[in-house]
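Novice: Make a model of this:
(2 chains)
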Amino acid sequence: MSEPIRVVDLENGAVAIAGRPILRGIDLAVGAGEFVALMGANGSGKSTLVRALTGLLPLTTGTLELFGTRVDQFHEWQRIGFVPQRTGAAGGVPASVWEVVASGRLTRRRLLRPLSRRDRASIDEALAVVGLSDLAKDGVSNLSGGQQQRVLIARALAGEPELFFLDEPNAGVDLPNQHALADSLGELKRRGATIVLVAHELGPLASLVDRAVVMRDGRVAYDGEPLGDHEVHNPDFGEAHAHHHHRPQARHDHTPEVQSPLDAGSRRERPR
Amino acid sequence: MDIFSYPFMQRALIAALFTGLAAPAVGTYLVQRRLALMGDGIGHVAVTGVALGLLTHTSPTWTAVVVAILGAVLIEVIRERGHTNGDVALALLFYGGLAGGVLLTGLGGQSAARLQQYLFGSITTISATDVLITMGLAAVVIGICVGLAPQLFAVAQDQEFARVAGLNVRVYNVLVAVLAAVSVTVAMRTVGLLLVSALMVVPVATSQQVTRSFRTTLGTAMLLGTGASVGGLVISAFASDHAQVAPGPTIVLLSLAGFAVTWPLGVWLRHRARLVAPFPAVPLEEHEATDTHPHEHGPDCGHLAVRHGDHVDYVHDGHRHAPHEKHYDEH
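Specialist: Numbering: from 1, shown residues only, chains lettered A, B, ... in the order given. All right, here's what the predicted structure looks like:
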């Protein structure tokens, strides 16, 4: 791909967690409007890569540019929409769907200012794109897993970003919701958004993908035309078609489990 | 009614009002982060602060504010860097703070009764200066908790999303810790350091039995907190004709009574919400009519109607009956 505008440009990137090198020698450039699927086995580093691309994990070597600006000088976070893995859609206090989606609008709001009419319109629009307008007043914790995932996508959408990072958006989501998810992402793609998504299996998303990047043990094993789910799980990419089977030992745990509360190497920085 | 004409009672009412508003406001964010016991940890640390004030003959309120803020920031730092959820860090500070406070009070030659005023509250002995300090600090806490609600909500809800959205998560985390420390010392004179967390957490737990959104939870918790602290004070004032009734424990028990009343309602509401949650709209494999069905389903038939795609299913003896032409289908 030789797109004229590179929205993501990672050169020779490496990421270490608690001193152990996890990602090594990653070159990844994403052009404007591309739909890239980051694939690979559990523990191959695909989620770690997306967390490095969003600036959540620091690079030990290499340079990362977002929209042509080095990440440490990048301040236009409203241009980026991040959809983390669905772990914490519900906190310890009830929150309505509308409130969670509205929190995505913070990237464009000034401190201590009430929501403008345009803010409200964007929030409503984001809810409409994911098809949850009817549930806006419901509590997030009452929704199904697939609906919660769509809430998180709407939250990213509310800030009207140009570049989306999605971490396993269809993990644990039932098939009707996977189709609803694919419809929402298809709509974003039509509008010209750049999308980088981490997926173990693409399912209904397969038809949207322009390019597949397959990770294997912390390095890029393949970068090119989209692959079918079965090709990705080819033994050459480190997984012998084991994605449906329960393999408790298969997951790499890069960080030693430390129980002392004073030890560095926080929860946040563990790969998931 | 003449009890309200005493200046000490008026001061106590004002202090109770502001404490009751401020403590649950911070408490909502603590509960949202699943740090409900953080107020307790800070309260124990503040005991050392009070003892330092007694030892050095300075205002125990201000030394408590300073030590509580230091303790709260320390808890936050340990939580951020640590592998655990911070509960071990909280435990370490609990014991250190309480032991240090009791030791220092003894060294200063003060009696345990003096410390007890701070441990269990003594709202009726509050001075005019202390009322002003309480009002000022509580107003700051309420202002920040309500004014920065969108940011604080986003950070507490999902830290990683907030970081990618460009918010300085560490600043907001420390801010919540400092607010918690300030409201602990604000509530110190009302309910006491050992009961302070109750006023921060119980109104939130009560309000979330019936609420579905964050803003209503926050608002209801603040109202409940005010009701409990003012109500508890008034009850203890009237009851003190007959027996010695301490205001601090009365406030906490009144708050807990509110929870005890609301909890069954919350259980019922959640049970109800589960029953009427729509069935997933999965296309049916085949058309299957019920056996002869003697009963006519309708809005008042007594069977639960649950949304299923574009129609409703009636839940009937463990089956789901969907109206279809002149009969019912099994769904």
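
Novice: Would you state the helices of the chain in chain order?
Specialist: If you meant another chain, say so; for now it's chain A. Secondary structure of chain A, counting by DSSP state H: helices at A:46-53, A:97-103, A:117-129, A:145-158, A:175-190, A:229-232.

Novice: think we crossed wires, I meant chain B
Specialist: Counting by DSSP H, the helices of chain B are B:7-32, B:38-56, B:60-81, B:87-107, B:112-120, B:128-147, B:149-157, B:159-164, B:169-188, B:196-207, B:214-239, B:247-276.

Novice: Can you redo those as a markdown table, where the extra columns are distance to chain A and mean neighbour count?
Specialist: (Each C-beta comes from the backbone N, C-alpha and C, glycine too.) As requested, the helices of chain B are arranged in a markdown table below (distance: least, Cβ to the nearest Cβ, whole Å; neighbours: other Cβ atoms under 10 Å in any protein chain shown):
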| stretch | distance to chain A | mean neighbour count |
| --- | --- | --- |
| helix B:7-32 | 4 | 25 |
| helix B:38-56 | 12 | 26 |
| helix B:60-81 | 6 | 21 |
| helix B:87-107 | 4 | 17 |
| helix B:112-120 | 27 | 17 |
| helix B:128-147 | 5 | 17 |
| helix B:149-157 | 4 | 24 |
| helix B:159-164 | 4 | 22 |
| helix B:169-188 | 10 | 24 |
| helix B:196-207 | 7 | 28 |
| helix B:214-239 | 4 | 22 |
| helix B:247-276 | 6 | 16 |
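
Novice: who wins for proximity to residue A:161 among the ones you listed?
Specialist: helix B:159-164 (9.9 Å; Cβ to Cβ).

Novice: Below-threshold pLDDT in the chain: ranges please.
Specialist: Since you didn't name a chain, this refers to chain A. A:1-4, A:87-90, A:229, A:233-272 (pLDDT under 70).

Novice: Wait, chain B was what I had in mind.
Specialist: B:1, B:83-86.

Novice: Just want the most central residue of it.
Specialist: Compute the mean C-alpha point of chain B, and by Cα atoms, centre = their mean the closest residue is residue B:201, 2.5 Å away.

Novice: mind giving me JSON lines with the helices of chain A and columns for distance to chain B?
Specialist: Listed next are these as JSON lines, based on distance: least, Cβ to the nearest Cβ, whole Å:
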{"stretch": "helix A:46-53", "distance to chain B": "8"}
{"stretch": "helix A:97-103", "distance to chain B": "4"}
{"stretch": "helix A:117-129", "distance to chain B": "10"}
{"stretch": "helix A:145-158", "distance to chain B": "7"}
{"stretch": "helix A:175-190", "distance to chain B": "6"}
{"stretch": "helix A:229-232", "distance to chain B": "22"}
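
Novice: Tabulate the ones you listed (a markdown table), appending mean neighbour count.
Specialist: Supplementary listing: the helices of chain A in a markdown table, determined by neighbours: other Cβ atoms under 10 Å in any protein chain shown:
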| stretch | mean neighbour count |
| --- | --- |
| helix A:46-53 | 25 |
| helix A:97-103 | 26 |
| helix A:117-129 | 17 |
| helix A:145-158 | 25 |
| helix A:175-190 | 18 |
| helix A:229-232 | 16 |
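
Novice: Residue A:38 touches residue A:196, doesn't it?
Specialist: Yes. In this structure residue A:38 lies within contact range of residue A:196 using Cβ atoms under 8 Å: 6.6 Å.

Novice: Need the residues touching each of these two.
Specialist: Each of residue A:50 lies in contact with both residue A:38 and residue A:196 under the rule Cβ atoms under 8 Å, 6 or more residues apart in numbering or on different chains.

Novice: Identify the residues contacting the closest residue to chain A within chain B.
Specialist: The nearest approach of chain B to chain A comes at residue B:166, 3.2 Å away (Cβ to the nearest Cβ). Going by Cβ under 8 Å, 6+ apart, residue B:166 touches A:75, A:77-78, A:107.

Novice: go on, residue A:226?
Specialist: A:37, A:206, A:209-212.

Novice: Could you check how far the one residue in the stretch 1-150 of chain A that gets nearest to chain B is from residue A:159?
Specialist: Closest contact between the stretch 1-150 of chain A and chain B, by Cβ to the nearest Cβ, is at residue A:77 (3.2 Å). The spacing between residue A:77 and residue A:159, counted by Cβ to Cβ, to the nearest Å, is 8 Å.

Novice: intersection of neighbour lists for those two?
Specialist: With Cβ under 8 Å, 6+ apart as the test, residue A:77 and residue A:159 both reach A:107, B:165.

Novice: List the beta-bridge partners for the closest residue in space to residue B:278 that isn't next to it in sequence.
Specialist: Spatial nearest neighbour of residue B:278, chain neighbours left out: residue B:307 (4.0 Å); criterion: Cβ to Cβ, 6 or more residues apart in numbering or on different chains. Beta-bridge partners recorded for residue B:307 (DSSP bridges): residue B:312.

Novice: coming back round to it: who's more crowded, residue A:77 and residue A:159?
Specialist: residue A:159 (25 against 21; other Cβ atoms under 10 Å in any protein chain shown).

Novice: correct me, but the more buried one touches residue B:162?
Specialist: No. At 12.0 Å, residue A:159 does not count as touching residue B:162 under the criterion of Cβ under 8 Å.

Novice: Find residues that contact each of these two.
Specialist: Jointly contacting residue A:159 and residue B:162 under the rule Cβ under 8 Å, 6+ apart are residue A:106.

Novice: The residue nearest to residue A:61 when sequence neighbours are not counted - how many residues pack around it?
Specialist: Spatially, and ignoring its direct neighbours in sequence, residue A:61 is nearest to residue A:14 (4.5 Å; Cβ to Cβ, 6+ apart). Other residues lying near residue A:14 total 16 when counted by other Cβ under 10 Å.

Novice: contacting residues around residue A:14?
Specialist: Contacts of residue A:14 (Cβ under 8 Å, 6+ apart): A:21, A:23-26, A:59-62.

Novice: Identify, from the residues you listed, the entry nearest to residue B:154.
Specialist: For the contacts of residue A:14, the nearest to residue B:154 is residue A:59 (25.7 Å; Cβ to Cβ).

Novice: Which residue is the nearest non-sequential neighbour of the closest one?
Specialist: residue A:13 (5.3 Å).

Novice: Isn't that neighbour up against residue A:52?
Specialist: Yes. Counting by Cβ under 8 Å, residue A:13 touches residue A:52, with 6.5 Å between them.

Novice: Between these two, which contacts overlap?
Specialist: Joint contacts of residue A:13 and residue A:52 (Cβ under 8 Å, 6+ apart) are A:23, A:59, A:64.
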